[in-house]
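Chemist: Give the three-dimensional model of this entry:
(chains A, B, C and D)
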Amino acid sequence: MHIAEGVLSPPVLIGGAVITLAGLAYGLRSINADNVPRVGVMSAALFVASLIHVPVGVSSIHLLLNGLAGLLLGWAVFPAVFVALLLQTILFQFGGLTTLGVNTATMALPALLCYLLFGRLLRRQGALGVVASFLGGALAVALAGVLTAAALLLSNAEAFTTAAAALLVAHIPVMLVEGVICAFCIAFLRTVKPRMMPKPRNTRERVDVG
Amino acid sequence: MPDNGLIQLEDIHFGYPQRRHLFAGINFHVSGGDLLGVVGANGSGKTTLFRILVGLLRPHRGMFNAFGRAIQSPPDYDELRRRIGFLFQDSEDQLFCPTVKEDVAFGPLNLGKSKTETLRIVEETLASLGMSGFADRISYELSGGEKRLVALATALAMQPDVLLLDEPASGLDPRSKRDLVEQLARIGGTQVIASHDMEFVRATCRRVIVMDAGKIVADGPTDAVLGDESLMLHHGLEVPHSLAAEGRIATDHHHGSGPSHGHGHGTSHERQEHT
Amino acid sequence: MPDNGLIQLEDIHFGYPQRRHLFAGINFHVSGGDLLGVVGANGSGKTTLFRILVGLLRPHRGMFNAFGRAIQSPPDYDELRRRIGFLFQDSEDQLFCPTVKEDVAFGPLNLGKSKTETLRIVEETLASLGMSGFADRISYELSGGEKRLVALATALAMQPDVLLLDEPASGLDPRSKRDLVEQLARIGGTQVIASHDMEFVRATCRRVIVMDAGKIVADGPTDAVLGDESLMLHHGLEVPHSLAAEGRIATDHHHGSGPSHGHGHGTSHERQEHT
Amino acid sequence: MALAEPFSTGNSLLHRLDPRAKLVAAIVWSVTLAALNDLRVLLLGVICAAVLLVAARLNLPRLLQRLLVVNIFIAFLWLFLPWSTGGEAVATWGPITITREGLLLSLQLTLRCNAIVWACIALLGTSRLVDVAQALRALRVPQKLVLILFFCVRYIQSIHDEYGRMAAAIKLRAFKPRTTFHTYRTYANLVGLLLVRGHDRADRVHEAMVCRGFDGRLRTLDHRRLQKRDIAAAALLTGLTIILVVFECLTTG
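Modeler: Have a look, this model is predicted:
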């Protein structure tokens, strides 16, 4: 869930913006010129995928997929999430211009962490790969919930305590579903297009273009 | 209305936000055993018609009967979709599982068939299309022609009563196209085929309708419709060259202007009658 | 080798990881003013050939000359791509800018043309294709035929010496296809066209080569090659019906009982490859 | 259609303004309003934003629907803030005490959120997405980021259409979404396929760019010139925000 405009205090907004600027700067540096279209099209695909509603009991949730994005994009997840949120702001008024920094940071930081923790395990066949991809998807959502709650608490600890707690509770089913979907999705990609799995080291992909 | 009418659309109205009145009272029927071609320029409404037939779009007004009942409630639509197999224009839209086997099994499993039963259906369907060795192949990596056949298998695995095929020949090389014509002839049953490829329509259909701007402007036996040069040209289409080769282009009886033959000499070698 | 050879490939070797030796010594040449059709079943190597010609893939071995020089270093490849316009199979991939104007301007701007000059080129190119009103349209929203023409405009705006067209007729309805044939005839120059649509090749090309399994198995005047029924069928292709309509098939068209040399067209395909 | 831009076509003054002017105005407005606290000043902001919305002459049912969605998060806060904020009790039901401070805080957030969002709908919603992207480029956002945004904007519709067709395909094969692994696996496959197709498309797009001489630097045509009315409109909105800030300073002493 993205925090709406007008809710957070200026220091929190500024803090989020600074983190996001730093993430963007490093993320953009990690993308070489040949990969720019890939990051753009992938963020479009992730944006569309995040519109999918999946059933949970009698209700349904829409996917966040920040963990999946992190696992596939690495540091480039910062620009990808930023662009997707900017479009959501313009298209649907989800979030807003001033909360762009905070919302990007709460989504992209956990995604990045999951990439650093689990990225290298994804190529493994069998249980290890499945567990890593499940944890990648689930943890990214859980931490996004924690950071969102933290942003609310930092703005006004007294008033937002219950709201932040409710937000965290609401993330629990989402977290499980995202973990399952992330695990299945990574399994799909490992079968269909192993090239898309995170690279073992910092080896740049060979691009056969002159 | 024919007694054996499987599907009837009567006075159907439908439009999109940008294109209000694409269909303003269209009538359409398919009988059991029909091999029906639907031709028309881009934007004439072929795909929309198909999407209505299979319940992906709902008409704003009009009567929709299929398999002997009116199609109105959600369960009617579920039943409709089960009984009509749809081949998408782009097979990649239809093959979303990692492997061929899973793709073909998806429909039967959703219909509640057991795993054993489903496996049997998968094997039989693939075998009937000459694709037995493909069960464990990765769907996404197949060639265009193979994808088309697997997509066909996914539709056939649901044992539909009617097959709708949207541009089944597009992107296929001549050999794959011939294979597909053969497979469709073998499958038989009731088929509705939309295509820009007049030769393909001629090779697969017995009856053809021509659509233009949301209207059905012609309906008749394949060679009579496709061979009507003024009709074809008037609606942005073309007479299949194979008809010209057989010297069977009809002279003008539609739009008054004297048609001229594309290739001065309609003389042809004697050819076997087209089936 | 002809003196006016624009592009020569000699003894080119190339393969993919999964398909080691797709090309094991292929020879290919294009002369100035050629209108050359490349036909062959899926997987025969047409697209790979094109991608080598435009420098998207590098041959593992062999000689590649274009425009009077050997193509080796990165600047050679830059020059190559400037002088060869490539129409992609899926125009959606080629129109990556938001609006038509920006798409057409992309190439000229990268060539270092000024903005005024570029705007002039954009207007002229669009006008020459009869698409003057399209400059501010959103690329995504165009119809298939319009996209194909705009994609052609993006290639033409770079004023290439050679046009490579990969399946330019695919997905077009008959009317759009006729438009494209007319535009290509008007543009003239040197064109290399890969297509599964034999009628389209016949309507646009003067010379045709047939590819199969990474080899060029025939090379000759369009009607002589396309009219050779046993050659066509052997390589998974088909004789265009229009040739039959004109009574110009080179062989008995029912049973493919061997090529006839009666017409005296000099096809240079390798007869020993047949049957 | 989730990706429709229902407000982007129209004939109002706001539709005719240059997207760059509107983008600058929207940023100035949002940032300023986010820092304001006084209820009367915020109410004034809402009134100004409402005037902008009226001037944009948008489709009313669509607009109301959009505003409803925007206020879901705010409604969520209304569920908690009035009783979880300490202060002077207004009403008490059992263990729950509604406080004056809680109500005022909720009201403050609601006004601030809507003042910002209404203005942004009127300013940014009245441009096509592609024009907003162009405007960002004019604001000297780093080249790679603009390119990523460009590709995202360019292909989002195609990919959304792809998803629509894939969703239709699963429906046609009798798929019913339920809370099962089969359902989650099916959706995961769709997501995976979208990503794979996007990945391959990106490769082809990159090749198409290389074929037209792309070397990593984005070169684009000039924008149309900013007109007087564009500058005037941006100045007017900036002036308004300054007045609001002044009011806020006066009221809080």
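
Chemist: Could I get the full set of strands for the chain?
Modeler: All of this refers to chain A. For chain A, the strands defined by DSSP state E cover A:53-56, A:59-62.

Chemist: hmm, I had chain D in mind actually
Modeler: Using DSSP E, strands in chain D cover D:89-93, D:96-99.

Chemist: what helices or strands is the longest one leaning on?
Modeler: Here strand D:89-93 touches strand D:96-99, helix D:100-124, going by 3 or more C-beta pairs under 8 Å, 6 or more residues apart in numbering or on different chains; DSSP states H and E. Where you see a C-beta, it was placed from the backbone N, CA and C, and this is true even at glycine.

Chemist: if you compare those, which one is most tucked away?
Modeler: helix D:100-124 (a mean of 23; mean count of other C-beta atoms under 10 Å in any protein chain shown).

Chemist: tilt between it and strand D:89-93?
Modeler: Interaxial angle, helix D:100-124 versus strand D:89-93 (axes from the mean of the first three to the mean of the last three C-alpha atoms, to 10 degrees): 100 degrees.

Chemist: before we move on, back to that, figure out which of the strands of chain D is closest to residue B:18.
Modeler: strand D:96-99 (49.0 Å; C-beta to C-beta).

Chemist: before we move on, back to that, save the strands of chain D as JSON lines, and put in distance to residue D:113 and mean pLDDT too.
Modeler: Shown next, in JSON lines, are these (distance: least, C-beta to C-beta, whole Å; pLDDT from 0 to 100):
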{"stretch": "strand D:89-93", "distance to residue D:113": "22", "mean pLDDT": "87"}
{"stretch": "strand D:96-99", "distance to residue D:113": "21", "mean pLDDT": "89"}
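
Chemist: Ok, which of the ones you listed comes nearest residue C:190?
Modeler: strand D:96-99 (81.1 Å).

Chemist: Can you report how many residues lie near residue A:173?
Modeler: Neighbours of residue A:173 under the rule other C-beta atoms under 10 Å in any protein chain shown: 14.

Chemist: tell me the contacts of the residue nearest to it when sequence neighbours are not counted?
Modeler: Spatially, and ignoring its direct neighbours in sequence, residue A:173 is nearest to residue A:56 (5.2 Å; C-beta to C-beta, 6 or more residues apart in numbering or on different chains). Taking C-beta atoms under 8 Å, 6 or more residues apart in numbering or on different chains, we find residue A:56 in contact with A:173-174, A:177, D:179.

Chemist: Could you check the pLDDT of residue A:56?
Modeler: Looking at residue A:56, its pLDDT stands at 90.

Chemist: Residue B:238 now?
Modeler: Confidence score, pLDDT, at residue B:238: 90.

Chemist: where does it fall, helix, sheet strand or coil?
Modeler: With DSSP: H, G, I helix; E, B strand; the rest coil as the basis, residue B:238 sits in coil.

Chemist: how about it, phi and psi?
Modeler: Main-chain dihedrals, residue B:238, degrees, to the nearest 10: phi -150, psi 150.

Chemist: now do residue D:226
Modeler: Torsion angles, degrees, to the nearest 10, at residue D:226: phi -70, psi 130.

Chemist: Spit out the contact partners of it.
Modeler: Contacts of residue D:226 (C-beta under 8 Å, 6+ apart): D:18, D:20-21.

Chemist: Out of those, list just those in helices.
Modeler: D:20-21 (DSSP state H).

Chemist: For ChimeraX, write the select line for the buried members of the contacts of residue D:226.
Modeler: Buried residues within those, by 16 or more other C-beta atoms under 10 Å in any protein chain shown, are selected in ChimeraX with:
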select /D:18,20,21
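
Chemist: Put together CSV for the contacts of residue D:226, with pLDDT and distance to chain C on each row.
Modeler: Below are these laid out as CSV (pLDDT from 0 to 100; distance: C-beta to the nearest C-beta, whole Å):
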residue, pLDDT, distance to chain C
D:18, 90, 15
D:20, 90, 15
D:21, 92, 19
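
Chemist: need the residues of chain A near chain B, please.
Modeler: A:187-188, A:191-193 (C-beta under 8 Å from any C-beta of the partner chain).

Chemist: of the residues you listed, closest to chain D?
Modeler: Chain D has its nearest neighbour among the residues of chain A next to chain B in residue A:188, at 3.4 Å by C-beta to the nearest C-beta.

Chemist: from what I can see that closest one touches residue D:188, true?
Modeler: Yes. Contact criterion C-beta atoms under 8 Å: residue A:188 and residue D:188 qualify, at 6.2 Å.

Chemist: pLDDT wise, what is residue B:243 at?
Modeler: Looking at residue B:243, its pLDDT stands at 86.

Chemist: Assumed it was part of a helix.
Modeler: Yes. The assignment for residue B:243 by three-state DSSP puts it in a helix.

Chemist: My understanding was that it contacts residue B:223; is that so?
Modeler: Yes. Judged on C-beta under 8 Å, residue B:243 makes contact with residue B:223 at a distance of 6.3 Å.

Chemist: tell me which helix or strand of the chain sits lowest on mean pLDDT?
Modeler: Assuming you mean chain A. strand A:59-62 (a mean of 87; mean pLDDT, DSSP states H and E).

Chemist: Let me rephrase: I mean chain D.
Modeler: Result, chain D / mean pLDDT, DSSP H and E: helix D:129-138, a mean of 83.
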